[in-house]
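Peer 1: Have a look at this fold, sequence not included:
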């Protein structure tokens, strides 16, 4: 069997190899629809993007460094529903562990968002939230995610509506109906 092992053996594997390098200079998306329905975990996402465009100066996956000086988004509709509590808790724990080990470094400058409509519902926290706005322009000075600090040079927000609702948990609602 030694000759079989020898046949699949890799010669002198290098440990000082660089990670995969990518170069992305510009992204332009038009009329994008995305739908995700998880029947087992009871989570769903509906996403529509009318027009998205960005320019990227630096894209370094190894060091998690990204420089994105221009972001323009016109027409975004997102509906997110998280219904299964256990699956959400497990996913949140995995994200928190990953976030603690890697420090994302973002450099953003000019952000322009138009015609945005976002709905989010979470059965785990009994939260329903919605935000709609016609126009948001900002010039970012610095973003330090590790220190949880964002400094903006300017912020312009027009025609905004928002809603935040905390509901009773299903267990409490059932108990109050049964006791009536």
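Peer 2: Arrived safely. Being a predicted model, the structure only gives us computed values, none of them experimental. Numbers count the residues shown, from 1 in each chain.

Peer 1: Would you confirm that residue 154 belongs to a strand?
Peer 2: Yes. Counting by DSSP: H, G, I helix; E, B strand; the rest coil, residue 154 is part of a strand.

Peer 1: Can you tell me how far it is from residue 56?
Peer 2: Counting by C-beta to C-beta, to the nearest Å, the gap from residue 154 to residue 56 is 22 Å. C-beta coordinates here come from the backbone N, C-alpha and C atoms, glycine included.

Peer 1: go on, residue 131?
Peer 2: For residue 131, the distance to residue 56 - C-beta to C-beta - is 26 Å.

Peer 1: Who has more neighbours out of these two?
Peer 2: Neighbours per residue (other C-beta atoms under 10 Å) separate residue 131 from residue 56, with residue 56 holding more: 17 against 14.

Peer 1: Please enumerate the helices of the protein.
Peer 2: Remark: helices assigned in the chain by DSSP state H are 2-8, 85-101, 170-179.

Peer 1: mind checking pLDDT for the residue nearest to residue 156 when sequence neighbours are not counted?
Peer 2: Using C-beta to C-beta, 6 or more residues apart in numbering and skipping residues adjacent in sequence, the residue nearest residue 156 is residue 137, 4.4 Å away. The pLDDT attached to residue 137 in the predicted structure is 96.

Peer 1: Kindly report the same for residue 119.
Peer 2: pLDDT, residue 119: 96.

Peer 1: quick one: contacts for it?
Peer 2: Contact analysis of residue 119 by C-beta atoms under 8 Å, 6 or more residues apart in numbering lists 78, 79, 80, 128, 129, 130.

Peer 1: Just give me the neighbour total for residue 68.
Peer 2: There are 20 residues near residue 68, going by other C-beta under 10 Å.

Peer 1: cool, and residue 71?
Peer 2: Counted with other C-beta under 10 Å, residue 71 comes out at 19.

Peer 1: That one contacts residue 106, correct?
Peer 2: No. At 11.0 Å, residue 71 and residue 106 do not qualify as touching, with contact defined as C-beta atoms under 8 Å.

Peer 1: Stretch 58-72: which residues count as buried?
Peer 2: 66, 68, 71, 72 (16 or more other C-beta atoms under 10 Å).

Peer 1: mind showing which ranges of the chain have poor pLDDT?
Peer 2: Applying pLDDT under 70 to the chain flags residues 1-21, 84-92, 94-102, 169-180.

Peer 1: follow-up on the earlier one: nearest to residue 122 among the buried residues of stretch 58-72?
Peer 2: Using C-beta to C-beta, residue 71 comes nearest to residue 122 of the buried residues of stretch 58-72, at 26.2 Å.
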